[in-house]
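>>> Have a look at this fold, sequence not included:
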């Protein structure tokens, strides 16, 4: 990062809104503000720190662009740790874009995705786990997801990882001392940590790593969202059911078999649980190349899904394709959904086939809405099971952090085995140092340019 340049970007979403914010960070921030901003106060004496100033943004030709509120936050007490200026204008696209262009004309450059937060990390305003929490907070679809991101943004994961890493670094120092000064350490053997103590310390750290990993697995669906796939025969009512769950018409519904040839995906909030709800092409044998491609996509999605809702017409006998799909997927991540309960039952009870084989089953009518609320509850319960919702301060690592925690735990296990086998300190040092390094990668105390690029490139521009 070139800390001598000044960056700028629109920090609010594109489109029309009540407010639009242009954010500027870097050494020219105050200068740009003083050039473009004209205060509404005659006695304006310059930008006071962390105060909203009312006035106008004016072009170099003297044309008033918009009435604004402007705030200046000098380093280091700003989001990025640099001088930051924020211009709050009306939220029309033309207004915001024009102000941004004026700022760029004054010597700022357009910020890269995530560059404001990257500067905050590089300037020590936050560690890498907090920077990732910023992105998770922006992406959160539910209050629970917001709370989980907030716990990490507040430094909870940083403090936990830093404590574990410091504990391991203490063991590293002791083992290195035994390696470098064997005679002096032998004279004080009774005062020093024994191999049993070192193993006990390693076990304690591993237990805490295990707890973090358990939380990552247990609450993953709250943080990342769960994939729920609607599958079943043509004309079973999958698209109607999608519309009923969403509460609006999203999928085209007709009596013509095979109307859905691709898949449709929509987001849904089930009492705090974010859901990716997907309607797939109907299960059937076909020679149509396009429809076969849609069926293959549906099959792939069913394999990836956290839950597959096999939708069938309760008034008809189950077809072979549906029975084969149910047998292949198993009962753990399948919910059988008997649609069209408003119709008269056939003598052959379709539901009984599922229940006799241990499948959970829900009866609904997408047409009348009967049973749709019960289906939503059943989907949620099937995904989260009986586990309680995460507490507001629960630390739930993301996928990158989870991978590093697993590597650290594995390395510490190897270090413990080496000690128990009576290996000399230099053999134990290697996996122990690996464990320390993997934990350092979580907080960014050890990081590479490639890792930083990968993390911050996923941010939106302006954050």
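Right, received. Where do you want to start? Predicted model, so just to flag it, every value in this text is computed and none were measured.
>>> who are the neighbours in contact with the residue nearest to residue 130 when sequence neighbours are not counted?
Take residue 130 and drop its neighbours on the chain: the residue closest to it by C-beta to C-beta, 6 or more residues apart in numbering is residue 153, 5.5 Å away. (Glycine included, C-beta is placed from N, CA and C.) The contact partners of residue 153, by C-beta atoms under 8 Å, 6 or more residues apart in numbering, come to 130, 133-134, 137.
>>> Most neighbours among those residues, please name it.
The most crowded member of those, judged by other C-beta atoms under 10 Å, is residue 133 (24 neighbours).
>>> how close does it get to residue 455?
Distance, residue 133 to residue 455, by C-beta to C-beta, to the nearest Å: 11 Å.
>>> Secondary structure class of the residue nearest to the spatial centre of the chain, three-state.
By C-alpha atoms, centre = their mean, the mean C-alpha position of the chain lies nearest to residue 136, the distance being 4.5 Å. Following DSSP: H, G, I helix; E, B strand; the rest coil, residue 136 is assigned to helix.
>>> what's the pLDDT at it?
With respect to pLDDT, residue 136 scores 89.
>>> Turn the contacts of residue 153 into JSON lines, including distance to residue 82.
Below are the contacts of residue 153 laid out as JSON lines (distance: C-beta to C-beta, whole Å):
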{"residue": "130", "distance to residue 82": "17"}
{"residue": "133", "distance to residue 82": "21"}
{"residue": "134", "distance to residue 82": "16"}
{"residue": "137", "distance to residue 82": "21"}
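>>> Of those, just say which sits nearest to residue 47.
Proximity to residue 47 was ranked across these by C-beta to C-beta; first place goes to residue 134, at 25.6 Å.
>>> Just to check, that closest one is in contact with residue 117?
Yes - at 5.3 Å, residue 134 counts as touching residue 117 under the criterion of C-beta atoms under 8 Å.
>>> from the contacts of residue 153, which single one is nearest residue 109?
The closest of these, once distances to residue 109 are taken by C-beta to C-beta, is residue 134, at 21.7 Å.
>>> Who are the contact partners of the closest one?
117, 126, 153, 459, 463.
>>> got it, and residue 361?
Applying C-beta under 8 Å, 6+ apart to residue 361 gives the contacts 335-338, 351, 354-355.
>>> ditto for residue 103
8, 22, 24, 32, 36, 87.
>>> Repeat that for residue 44.
Contacts of residue 44 by C-beta under 8 Å, 6+ apart are 53, 55.
>>> Flag every buried residue along the strand or helix carrying residue 70.
Here residue 70 sits within strand 64-73, counting by DSSP states H and E. Neighbour-count burial for strand 64-73 flags 65-66, 68, 70-73 (criterion: 16 or more other C-beta atoms under 10 Å).
>>> Please tabulate those residues in a markdown table, including the columns pLDDT and distance to residue 429.
Below are those laid out as a markdown table (pLDDT from 0 to 100; distance: C-beta to C-beta, whole Å):
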| residue | pLDDT | distance to residue 429 |
| --- | --- | --- |
| 65 | 95 | 63 |
| 66 | 95 | 62 |
| 68 | 96 | 59 |
| 70 | 97 | 55 |
| 71 | 96 | 51 |
| 72 | 97 | 50 |
| 73 | 96 | 45 |
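>>> picking up where we left off before, would you mind pulling up the elements that the strand holding residue 70 packs against?
helix 29-36, strand 37-39, strand 52-58, strand 84-90, helix 93-105 (3 or more C-beta pairs under 8 Å, 6 or more residues apart in numbering; DSSP states H and E).
>>> how about 6 Å then?
On a contact count with 3 or more C-beta pairs under 6 Å, 6 or more residues apart in numbering; DSSP states H and E, strand 64-73 meets strand 52-58, strand 84-90.
>>> just for the protein, where's the confidence low?
Within the chain, the stretches with pLDDT under 70 are 1-3, 180-194, 248-263, 282-296, 298, 344-348, 386-388.
>>> got the domain boundaries for it?
The chain breaks down by automatic domain parsing into domains covering 7-124, 135-219+395-444, 223-384.
>>> Rebuild the ones you listed as a markdown table, extending it with distance to residue 451.
Shown next, in a markdown table, are these (distance: least, C-beta to C-beta, whole Å):
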| stretch | distance to residue 451 |
| --- | --- |
| domain 7-124 | 11 |
| domain 135-219+395-444 | 7 |
| domain 223-384 | 20 |
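>>> All the helices of the stretch 201-350 of the chain, in order from the start?
Using DSSP state H, counting those that start in this stretch, the helices of the stretch 201-350 of the chain run over residues 220-224, 238-246, 289-304, 320-329, 350-356.
>>> Would you mind saying which of those lies nearest residue 382?
For the helices of the stretch 201-350 of the chain, proximity to residue 382 was assessed by C-beta to C-beta; helix 220-224 is nearest, at 11.0 Å.
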